[in-house]
Structures are given as C-alpha cells and as structure tokens.
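> Got a predicted structure here, sequence first:
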Amino acid sequence: MAAAEPSLEELRQLVSEFRPNRGHLLPALHKVQDTYGYIPRSAIEVIARQLNTTPALVYGAMTFYAEFRTHPPAQTEIAWCSGPTCRILGGDRIREALEHTLGLPLGGYSEDGRYALHLGQCNGTCSEAPQVWVNGRVVGRLTVADAIRLARRIREGA
Amino acid sequence: MNAALQSLITRARESYEAWLTNGRPKVNVCIDTSSLARGADETLRIIRETVAREGIDADIGIIGSWGFCWMEPTVTVRTAGGTRTILYGNVTPDRAEEFVRRVLVDGEEVPELAIAVVEGVSNEGIVPLGEHPFMQGQVRRLMANCGIIDPENIDHYLARGGYEGFANALERTPEEIIKEVLDSGLGGRGGGGFPTGRKWDFLRTATAEPKYLVCNADEGDPGAWVNRILMESDPQLVIEGMLIAARATGAREGYIYIRYEYPLAFQRMKVAVAQAYERGLLGTNICGSGLDFDLIVFRGAGSYVCGEETGLMSSIDGYRGMPRIKPPFPAQAGLWNKPTNVNNVESYANAPLILRHGAAWWSSVSDAKDKGTKMFTLSGAIKQMGCIEIPFGYPVRRLLEQYGGGMRDGSVLKGFQPGGPLSGILPASEIDLPVALDPYRERGMFLGSGGIIFFDQHTSVVDLCTYFVGFAEDESCGRCTTCHGGTQRAVEILRRMAAGGGRDSDLDKLEELTRTLVWSNCLHGQFALTTVKLALRYFRDEFETVIREKRDPAGVLSGLIRYEIANQADPLLPEAADICPTDAIVETHEGWTIVDELCVRCGACREVAPGAVRVVERFAQPAAEPTAAAAR
C-alpha cells in the first residue's frame, strides 16, 4: 500500500508559495497532507528549508496536532466520536466493541492498511449520537450491535 | 453613508429583490454540518435532479441552519408569488423526490413534514414560526439571517442590513466606536465575559505596529457548536465584526482560526472572505475610506488548547500550540510579538448589531445583568438537540424543557454541564439556575461558550469525570507539570476507581489535585479538574458508593458490573453469542455461559437478546458475603 514518496523536487514545488515568519507552517503542512493524504518524512526537511526554520521545529509543531499524519490513510478510515453526547448515550461501549472487532486500538491501522480506527472530536452533529464517521460520512444513531456489524463488514472487506 | 458602500448595498438589494420577485418558487435546502450528517447533500441532489428531469421552473438553493438540528435536513419552500414560505424538517434523501413533487408539481403542502410557516398566514395546523415552541422566547439577532440567506452569497447579506454597522463605524472615530461597544456591555462570548470594548481599547492604545486581530473560531468544547452555526449560516457577519474592530483598533491584518473539525465552516469563511475582497470590503483602501484590512482564514490541525488565545497565537506563528505565559498580554505581545486582539466568533458577530442599531437597542433586549443575546447548543440525553439564541436570564430548566424538548423517554435528569470540559457538572437540583455568568462563577465554574449538556441516571459521574479529565489530559500542551502530570494522576485514580480498586484515600488525593492544578500557567490546567471538584461537592455519595461498596448506582462502570445469562431457554442466545465481539458467550455441556475474563461489557448481547442476558453487580453485597462464603 505504501505509495512511493514524492520526489523532493515535487515537494519543493508544492510548498514554494510559503514564506518564513508569515504563519505559513500549518498551511504548508495542510497542503502536503491534502495532496498526499499524509506528511511524508521528506516533506519535513523541504518545509523547514522553505520556511527558513529547522526540521526539528517543523516536526515538533507537526506532532503537536492530532490531525497531521505521518502514515498514509487506510482505504477505510473509521473515526469514533468521543463527544459527550455520544458518551452519555453509550459511545464508550461502542469504542470497546470497535476496538475488539477490528483488533485495533484508537489510532491503529490494520496490517494490510485496509482500515484504521481513530478518535474523532465532537463537531456538533449530536442528534446523530452515538456515531462514527466512515471516510468522513456520519454513520449515526448506532447501537453497539450496529457498530459491531459495521466493523465486521469493513474487516471482511465488504 | 460611505458612497461606495452605499452603492454596493443598493446593488445587492436590487439583485436580491429581483430574485425574490422573479415569480419562481424557491426550494432552499439547509447545508450545514448537522444537516450533512443526515444526508442533506443527497436531498439537495435529488431535488435538483427531479426539478431538471421534470422541467420545473424553480430556484433551488442552499441556506444555513435554523437551529432545528434534530430535524435536519430542513428545507424551506417559498411559493412562486412569494406570499408563503414553509419550513420543513426531516426531508431525508428517501423522502426528497416525493417531497419535491408534492410541493412543486402538485403545488401542495406537506403537513406531516412541516415545522412552521415562516412567511404568510398559518393554516392546516402548521404554526407560524414565532409560535413554534422551539422559537417562543428566542430573540434572533445574531441568527437573524440563519436559515434565510444563502451563506455563500454576499448579496443576500448586504441586502438584509449587512455592512450597515460597518458603514456607521466608518463615520465615527475609533474612540467613538469603542465607546459604543463599551456602552453596550458586550462581554467576551468565549466564556470569559471580559468587556470586548476594553480589549479593543488595549489594542487601539498599543504603540507597536503592525497590530493584528484574531477571531477565535477554534470552538473546541465538545457539545458546543454555536460558532459553527454562525460561520456556516452567516459568515459575513463575522467578517463585518472584524472590520469594525479593525477600524476601532488600527489593526491591518486579521486571522480567523477555525478548528480542523469544521471543514465546511472553513470553506464557507473562505468563500465569504473571497467575496468580500471582490466587493472591495477587504484589502487596501476599503470603499475609498483609507482603511486597509487583510483577512486570512486559518485552519487548525486538531488541538483543544489552541482555543486558549495564546496557544492559538503560537499555532498561527508556526509553533506547537502551547499557551504562553501572561503577561505580556496579547495586546502587548501577540502574533509575532506584536499587539494583537483575540475575540470569540460570537463577540465579533455582535459588533455589527451594536454599530447598526446602537448600544441602547442592543442591551435593552432584557433586564439581565449580562447584556445582549447568547447562542446555546443543547445536547445530551434530551429529545431535541438544537441551537438557540436567547437573552440571558432564562432558567436552565426552560432550556431543557422547552427548547430541548425535555429528557428522552426513559431518562431522568441527573445533572448538566454548561461550559465545556473545563467547566464542571451540576446536579439536577440546580436546574433552575439562570443562564448568566455570576451563578456559575460563584460555584467555581463558568457558563462557557454556549454548549449545555444534560445527562441522565444511566450516566456515572465517575465515568463523566474520567471522560472530561481524560480529555483535559489528552489535550494538555505539556508545559506545566501540575497540568500534564496532575490530569494524568487524576485519570489513573478515576480509572482505578471505575475498575473496582477505589480506596478511601482517593477522594483526598483528588481534592489535593484540584487545589494543585490551579497553579498551572493557563486556563486549561487551572480548570482541568473543575469537573472533579464539582462532582466531589455535588455527587460525593456516588464516589463513596463506588469506592466503599464497589457498586455503581448508574450500573455502567465496567469494573463493577458483570454480564450473566438470565434465561438459558432464550431462543436468541445464539444471536447474542454471534454478536459478541470477544466470543465471550459460549455454550458448554452445562448450558450457556459468559466468560467474564473475555467480556468487555459492551452490551451488544443485551441489545440483540434483551431477555437472555442481564447485568449484575460484580461484587456481592458485603452483608450477603459471609454466608455465601461459608456455604462453599
């Protein structure tokens, strides 16, 4: 699944619009991730050079944020909503069930890269609680059994 | 009025009027994050396709949220003559084609999906919008355009009074603008309540250049989505507010920092900013007034503590989003160490109203000590999760019963949480507290930015504390040991308690932690254990029961309960065994049994076979124990 990393030249082109000391680090990281689905390791140095800073500072900043990934996305990305309404309506039992059905902790990727499980933050679609997002689409008003069936279908590749 | 702005407004009014009176029926679908969660994009697509296929002459458009989030997708239908507009709810994709045929081909109304009559006389049992229980007592000022205008069309905003506040600001001195904002009594809407006018004056009188404005749209409190509703439904209102602030403070550049989790709000704000640039409302020499102001829409990357103003500035600057040590305050040293003012989305959004209608009008909405209106989102174990705008002073009970529709069937109110994970929880007995800043401050918590969450008897307070403190732990920036170490320690204690290992000394330890964390640098650490502090005050019995009796009154803590077979003859047992994610339900020669070591207490078995499995207390009651032990 691991696609070849983009070339340095391609990365340099991609971030060439960004300038030092203009608040461009997060926009540059976003642009790389929007393009490749993750931040390839080589992009750290390219961005550092472009922004006249150090790879350590770029890497340090990047890893502070939950949504920058150093790993290509899986085919099916499941995000479990950790919000309070989901929790009150049994969401934590859904997490238990998902983790055991998929054999992954939150933040885990399946070995073949087909699916991954993440922690999602509440975005105020609480009338769908408890919910998960499958590749960004809400699957809501779930029972635990629904969540297990969904996870099994994803695991079996259906 | 500024001539350039006047002509922009006039042209926008003409085009809006022409659109309203073009003799075509209008179907507008709410496209916001809440409606998308219910398939509104599909609803819109089906409506468009049906209209195209049938050759119906109608305008199909998009609107923002009316606040009826639990009835999304909402759709408005306006008759060709423009005499009647009906708001419909639950127009899900499976209903969309029939719906649009009925309203556009057959020319009828769909009473079973109708929420209210927005324009025109009421009939057939469809109430006028103002008489709908969800709308009674609401005062929609910030939300005046929400659900009515196309959020991606600046002309709609301009035609309905938009930028008139900014026009008034252009005719006044910065001091006069700040005085108007001060006179209004507007307090910061992010939860602090600090007078917005004073903050603006700090920036105005700062000597260093350049000066920056920041709009904090990092609405990270789970359960709060008021800023999202505004940005997705009426983004120009925020831009106009920032323009007024720019005029008042001398700032030439602004940032709207939007959390990663709000992609649609980010996109809408980008569109709105681009349209404002096109009209000359942003950039250099705005409307010929000599005012220069650039506005950048900035996307966060998933960090709660970036909602703290100095963490947010670190994030824009391009560092880890760690809050800084104050002083210096942002007005002295903010972005790139230059003077900066940070306000919440809703704070900026009030400025156009104040400048357009005057401070006296703005503050006269109620007699409450806290001035103006405030948006709230209601969620939890309630019937109607939605967004409201009300004057301060209403009792929380009214928010729950009238706007929230009361608790869900089978749920009894146990408590509620205003103000996000750093605020704290209150018991049901406090439900008559008014929505105001003081009562919560007096209790050592805060009203917060607008989310109110109601929980029921099936919620364990120990679990809620574990959740909120766990959240604070996860999101701690790591600077202060009090915060990152303290939250970690508190979570360990709470988890151990929930697993049945609670000790008598735990409550003292937790209390000591709540006293220690107040020495953290920023609000995040200072308030990280507020939930625990208030829970120990109001729900102490529950902690004591969990620790001493190893029993959870809510019956959910996984370490204190056990699942067992209730009925060996239940025909659904094989299904229960099949759904179990850990294969804990097995059939032996003695019948079905649940292997306790494997069971993760997810409850799926009880969902598929409610009569076959039951939840029991894991630890037998002390009184019964000796006899049971003696018998063995």
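On my side now, so go ahead.

> Spatially nearest residue to the single nearest residue of the stretch 101-250 of chain B relative to chain A, not counting backbone neighbours?
Nearest residue of the stretch 101-250 of chain B to chain A, counting by Cβ to the nearest Cβ: B:Trp225, 2.5 Å away. All C-beta spots, glycine's among them, are computed from the backbone N, C-alpha and C. Ranked by Cβ to Cβ, 6 or more residues apart in numbering or on different chains and with sequence neighbours excluded, the top spatial neighbour of B:Trp225 is A:Gly124, at 2.5 Å.

> so how far is stretch B:167-187 from its chain's centroid?
28 Å (Cα atoms, centre = their mean, to the nearest Å).

> So which residues make contact with that stretch?
With contacts defined as Cβ atoms under 8 Å, 6 or more residues apart in numbering or on different chains, stretch B:167-187 is touched by B:1-2, B:5-6, B:9, B:193-198, B:200-201, B:204, B:243-244, B:247-250, B:287, B:289, B:291, B:347, B:350-351, B:354-356, B:358-360, B:362-363, B:370-372, B:437.

> swap in stretch A:148-158?
A:76, A:78, A:97-98, A:101-103, A:110, A:114-115, A:132, A:134, A:139, A:142, B:579, B:581, B:602, B:604.

> Show me just the buried residues among those.
A:76, A:78, A:97-98, A:101-102, A:110, A:115, A:132, A:142, B:579, B:581, B:602, B:604 (16 or more other Cβ atoms under 10 Å in any protein chain shown).

> Tell me how many other residues crowd B:Arg24.
17 (other Cβ atoms under 10 Å in any protein chain shown).

> Contacts only, for the residue nearest to it when sequence neighbours are not counted.
Nearest residue to B:Arg24 in three dimensions, chain neighbours excluded: B:Asp59, at 5.1 Å (Cβ to Cβ, 6+ apart). The neighbourhood of B:Asp59, defined by Cβ under 8 Å, 6+ apart, consists of B:Trp19, B:Asn22, B:Arg24, B:Pro25, B:Lys26, B:Val27.

> Mind pulling up the pLDDT for B:Ser122?
As predicted, B:Ser122 sits at a pLDDT of 76.

> correct me, but it touches B:Leu129?
No - counting by Cβ atoms under 8 Å, B:Ser122 does not reach B:Leu129; the two are 9.4 Å apart.

> Quick one: the helices in chain A, in order.
Assigned by DSSP state H, chain A shows helices spanning A:8-14, A:25-36, A:41-50, A:55-64, A:84-88, A:91-102, A:144-156.

> nearest to B:Gly318, of those?
helix A:25-36 (3.3 Å; Cβ to Cβ).

> The closest one: how far from the chain's middle?
Taking mean C-alpha positions (Cα atoms, centre = their mean), helix A:25-36 and its chain are 13 Å apart.

> quick check: angle from that helix to helix A:55-64?
With axes from the mean of the first three to the mean of the last three Cα atoms, to 10 degrees defining the directions, helix A:25-36 sits at 70 degrees from helix A:55-64.

> Output helix A:25-36 as CSV, restricted to C-alpha atoms.
Extracted in CSV, the C-alpha atoms of helix A:25-36 (Å, rounded to 0.1, in the frame of the first residue of the first chain):
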residue,chain,number,x,y,z
LEU,A,25,3.8,26.4,8.7
LEU,A,26,0.3,24.9,9.3
PRO,A,27,-0.9,25.9,5.8
ALA,A,28,2.2,24.2,4.3
LEU,A,29,1.6,21.0,6.3
HIS,A,30,-2.1,21.1,5.3
LYS,A,31,-1.2,21.5,1.7
VAL,A,32,1.1,18.5,1.8
GLN,A,33,-1.4,16.4,3.7
ASP,A,34,-4.3,17.4,1.4
THR,A,35,-2.1,16.4,-1.6
TYR,A,36,-0.8,13.0,-0.4
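
> Which residue ranges make up each domain of chain A?
What automatic domain parsing lists as the domains of chain A is A:8-64, A:76-156.

> what's the most buried one of those domains?
Comparing those by mean neighbour count (mean count of other Cβ atoms under 10 Å in any protein chain shown), domain A:76-156 ranks first with a mean of 21.

> Kindly check the end-to-end length of that one for me.
12 Å (Cα to Cα, to the nearest Å).

> now swap in stretch B:599-612 and tell me
Across stretch B:599-612, first to last residue, Cα to Cα, it's 15 Å.

> Show me how far it is from its chain's centre.
Worked out by Cα atoms, centre = their mean, stretch B:599-612 lies 33 Å from the chain centre.

> So what touches that stretch?
A:90, A:93-94, A:96-97, A:100, A:143-145, A:148, B:558, B:561-563, B:565-567, B:570, B:572-573, B:575-577, B:579-582, B:584-585, B:592, B:594, B:613-615.

> For it, the averaged confidence score.
If you average the pLDDT values across stretch B:599-612, you get 97.

> Could I get the buried residue list for it?
Result for stretch B:599-612 [16+ other Cβ under 10 Å]: buried residues B:Cys599, B:Val600, B:Arg601, B:Cys602, B:Gly603, B:Ala604, B:Cys605, B:Arg606, B:Glu607, B:Val608, B:Ala609, B:Ala612.

> same thing with stretch B:119-137?
Buried, per 16+ other Cβ under 10 Å, within stretch B:119-137: B:Glu119, B:Ile126, B:Leu129, B:His132, B:Phe134, B:Met135.

> Please work out the residue of chain A nearest to chain B and name it.
A:Gly124 (2.5 Å).

> Model confidence score at the spatially most central residue of chain A, please.
By Cα atoms, centre = their mean, chain A has its centre lying nearest to A:Glu67, at 5.5 Å. Turning to A:Glu67, the model gives it a pLDDT of 96.

> quick check: mean pLDDT across the helix or strand harbouring B:Asp183?
Using DSSP states H and E, B:Asp183 sits in helix B:174-184. For helix B:174-184, mean pLDDT rounds to 98.

> just checking, next helix/strand downstream of that helix?
Next element after helix B:174-184 (DSSP H and E): helix B:196-205.

> May I see the buried residues of that next one?
Buried-residue list, helix B:196-205, by 16+ other Cβ under 10 Å: B:Thr196, B:Gly197, B:Lys199, B:Trp200, B:Asp201, B:Phe202, B:Leu203, B:Arg204.

> Serialize those to a markdown table and add fields for distance to B:Gly187.
Listed next are those as a markdown table, based on distance: Cβ to Cβ, whole Å:
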| residue | distance to B:Gly187 |
| --- | --- |
| B:Thr196 | 7 |
| B:Gly197 | 10 |
| B:Lys199 | 10 |
| B:Trp200 | 13 |
| B:Asp201 | 14 |
| B:Phe202 | 15 |
| B:Leu203 | 17 |
| B:Arg204 | 18 |
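
> returning to that earlier point: contacting residues for the residue of chain A closest to chain B?
Counting by Cβ under 8 Å, 6+ apart, A:Gly124 has contacts B:Thr33, B:Ser34, B:Cys69, B:Gly223, B:Ala224, B:Trp225, B:Arg228, B:Ile229, B:Thr377, B:Ser379.

> Pick the one among those closest to B:Arg259.
B:Arg228 (8.8 Å).

> any idea of the mean pLDDT in the one helix or strand B:Arg45 maps to?
Element membership of B:Arg45 [criterion: DSSP H and E] is helix B:40-54. The average pLDDT within helix B:40-54 is 97.

> wait, does that helix contact chain A?
No - using Cβ under 8 Å from any Cβ of the partner chain, helix B:40-54 stays clear of chain A, with a minimum separation of 10.0 Å.
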